[in-house]
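Asker: Just a sequence and a predicted model for now, questions to come.
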Amino acid sequence: MIRFLERWLTLLAAFSVLTIAFSFPRFALPRLYPALISQFHWKSASAVAGGSIVLLLIGIASPAIGWLVDRYSPKRVVLGGIVAVAVSLGLLSLSNVLGSYYASCLLLGIGISGVSILPTSLLIAPWFSRGRGSAVGLINAGIGLGGFIAPLLTNAQLGRRGISGTFLVLAAWMVVPFALTLLAKDSRGSHRAPAAGARPTTISELVRMPMFWIFGVSVFFAAHAMTAVQENLILYLRGQGITGARAALALSVAVGASAPGKILSGAISDRWSSRLAAMLSVICIGVAIVGLLTVAPASDVIFIFAVIFGLGFGGTFNAPPMIVFEYFGTRQVGAVLGLFLVFFGLGTSSGGVLAGYLFDRTHSYSVPFTLDLAISAGALLLLLVSARQTRVVAVPSASTA
């Protein structure tokens, strides 16, 4: 009974971390872009670049976060990440020039990396020898819930407190996941002894696997395409004459739909494979982009495509941990997952800023969205031709769970 309660308390803590500490600052920024552009007279690409810095740090800091998780514990890394997020949001409340804005976003990216799917997935994975994909999908659904709440919360606070006050409200929310994580059981204590002959995968072994590059590049493409849409959706809709509240609702619906997308993707990974789950996610992203290119922004049909986009968005978030757990187990895989998340981070950090740059050049979002449709097609093609390479587990540690 005690172990049962510890398991679900840890799951609740991880869920709250991804809902609040990860999602609130991550998905509040796009709603703040129009206000930052209006108040400080920045260009679209300059404002979006702050979010791209955050996303880039989530990716490139992942190997270091993975090493810290292996060296210390997921719980300690998560607690440190929450503190960094709170401090960075406080600094953003004081930022009124691009230099301080970018510096604060740099710290925010480091903090969010410490509360990302890497440490939270490893926090809960040892507790769920069965249904691990569903468990990871469940906590990742917190990203969808937080992503639904964040734009609406930010929109409401902007009208009452302005940019500075909104950042401070977001910082105050970090108390909740910090308290729950303190109560959670350290997953290091729940690890069983490794199976005989099992050992962690070395970096040199990993980079020699075709699977690593196939999945890595496909995740990069999918993350690039989905983030280009997500980061620029409000700017696109506002530019088409849509009100701020309706644009924020569209983003909330898109990100909120990622919650069932994550749960569904986790179930598909458990029942079939992470590869199939990733393929279906990429298809959803492509269909949603087609909808953006063809449906009138004022039409209610746009919300249907927002839901489809959210399903793909959620599944793509699930892909890196599901790939790692399927092929490498759960013990001492922080560095491995960190390397996979580099691809994810590079994709998310480049998607939004490239789309913003292309819009500034062409004054139309049809160009970047069409490019992102082609990129998502490339991700699907890689996954389709990868069956042979991904059938073989190349290292003995992959069989341990």
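Answerer: Arrived safely.
Asker: which sections of the chain are below the confidence cut-off?
Answerer: Applying pLDDT under 70 to the chain flags residues 1, 187-200, 330, 332, 388-401.
Asker: Contact partners for the residue nearest the centre of the chain?
Answerer: Residue closest to the mean C-alpha point of the chain, counted by C-alpha atoms, centre = their mean, is F317 at 5.2 Å. F317 makes contact with 117, 140, 143, 258, 262 under the criterion C-beta atoms under 8 Å, 6 or more residues apart in numbering. Using the backbone N, CA and C atoms, a C-beta is placed for each residue, glycine as well.
Asker: Which helix or strand contains it?
Answerer: helix 301-328 (DSSP states H and E).
Asker: got it, and D270?
Answerer: Assigned by DSSP H and E, D270 falls in helix 258-271.
Asker: now that helix: how far from the chain's centre is it?
Answerer: 15 Å (C-alpha atoms, centre = their mean, to the nearest Å).
Asker: going forward, begin numbering at 12 instead of 1
Answerer: Taking 12 as the first residue, the last one we looked at is helix 269-282.
Asker: Okay, buried residues for that helix please.
Answerer: 269-281 (16 or more other C-beta atoms under 10 Å).
Asker: which is the next helix or strand following that helix?
Answerer: helix 285-305.
Asker: Which secondary structure elements does that following helix sit against?
Answerer: Here helix 285-305 is seen to pack against helix 221-250, helix 269-282, helix 312-339, helix 377-395 when contacts are counted using 3 or more C-beta pairs under 8 Å, 6 or more residues apart in numbering; DSSP states H and E.
Asker: The helix holding F328: how far from the chain's middle?
Answerer: On C-alpha atoms, centre = their mean, the centre of helix 312-339 falls 9 Å from that of its chain.
Asker: continuing past that helix, what's the next helix or strand?
Answerer: Helix 312-339 is succeeded, C-terminally, by helix 345-373 (DSSP H and E).
Asker: and the direction of that next one versus that of helix 312-339, what angle?
Answerer: 150 degrees (axes from the mean of the first three to the mean of the last three C-alpha atoms, to 10 degrees).
Asker: Looking at the helices and strands packed on helix 285-305, which is nearest to R82?
Answerer: R82 lies closest to helix 312-339 among the helices and strands packed on helix 285-305, at 17.7 Å (C-beta to C-beta).
Asker: Helix 377-395 and the closest one, what's the angle between them?
Answerer: Going by the same axes, to 10 degrees, helix 312-339 makes 30 degrees with helix 377-395.
Asker: Could you list the buried residues of helix 312-339?
Answerer: Those would be 313-314, 316-339, for helix 312-339 by 16+ other C-beta under 10 Å.
Asker: Let me have the contacts of F328 in CSV, extended by distance to T30.
Answerer: Formatted as CSV, those follow (distance: C-beta to C-beta, whole Å):
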residue, distance to T30
I128, 12
N151, 10
I154, 7
S269, 12
K273, 12
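Asker: Going by distance to M222, which of these wins?
Answerer: Closest to M222, out of all of the contacts of F328 and judged by C-beta to C-beta, is I128, at 19.4 Å.
Asker: What is the burial count for T165?
Answerer: Counted with other C-beta atoms under 10 Å, residues neighbouring T165 total 25.
Asker: Next, the contact list for it, please.
Answerer: 39, 42-43, 177, 181, 259.
Asker: Mind giving me the PyMOL command for buried ones among these?
Answerer: With 16+ other C-beta under 10 Å as the criterion, this PyMOL line picks the buried residues out of the contacts of T165:
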select buried, resi 39+42+43+177+181+259
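Asker: and the two most separated of the contacts of T165?
Answerer: Taking C-beta to C-beta as the measure, these have their most distant pair in L181 and A259, spaced 14.9 Å apart.
Asker: thinking again about what came up before, ok and the helix holding D281 relative to helix 312-339, angle-wise?
Answerer: Using the same axes, to 10 degrees: helix 269-282 against helix 312-339 is 30 degrees.
Asker: What is helix 269-282 packed up against?
Answerer: helix 143-183, helix 285-305, helix 312-339.
Asker: Other residues contacting that helix?
Answerer: 142-149, 151-156, 158-159, 287-288, 291-292, 295, 321-326, 328-330, 333, 337.
Asker: now stretch 298-317
Answerer: 236, 240, 247-248, 251-253, 261-262, 264-265, 268, 319-320, 323, 376-377, 380-381, 383-384, 387.
Asker: In CSV, list the C-alpha atoms belonging to that stretch.
Answerer: C-alpha atoms of stretch 298-317 as CSV (Å, rounded to 0.1, in the frame of the first residue of the first chain):
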residue,chain,number,x,y,z
VAL,A,298,-3.0,17.5,-41.8
ALA,A,299,-3.3,20.5,-39.5
ILE,A,300,-0.9,22.6,-41.6
VAL,A,301,-2.9,21.8,-44.7
GLY,A,302,-5.9,23.1,-42.7
LEU,A,303,-4.2,26.4,-41.8
LEU,A,304,-3.3,26.9,-45.5
THR,A,305,-6.8,26.3,-46.8
VAL,A,306,-9.3,27.3,-44.1
ALA,A,307,-10.4,30.9,-43.5
PRO,A,308,-8.9,32.0,-40.2
ALA,A,309,-12.3,33.4,-39.0
SER,A,310,-14.0,30.0,-39.6
ASP,A,311,-14.8,27.8,-36.7
VAL,A,312,-13.3,24.9,-38.7
ILE,A,313,-9.9,26.3,-37.6
PHE,A,314,-10.6,24.8,-34.2
ILE,A,315,-11.0,21.3,-35.7
PHE,A,316,-7.6,21.6,-37.2
ALA,A,317,-6.3,22.9,-33.9
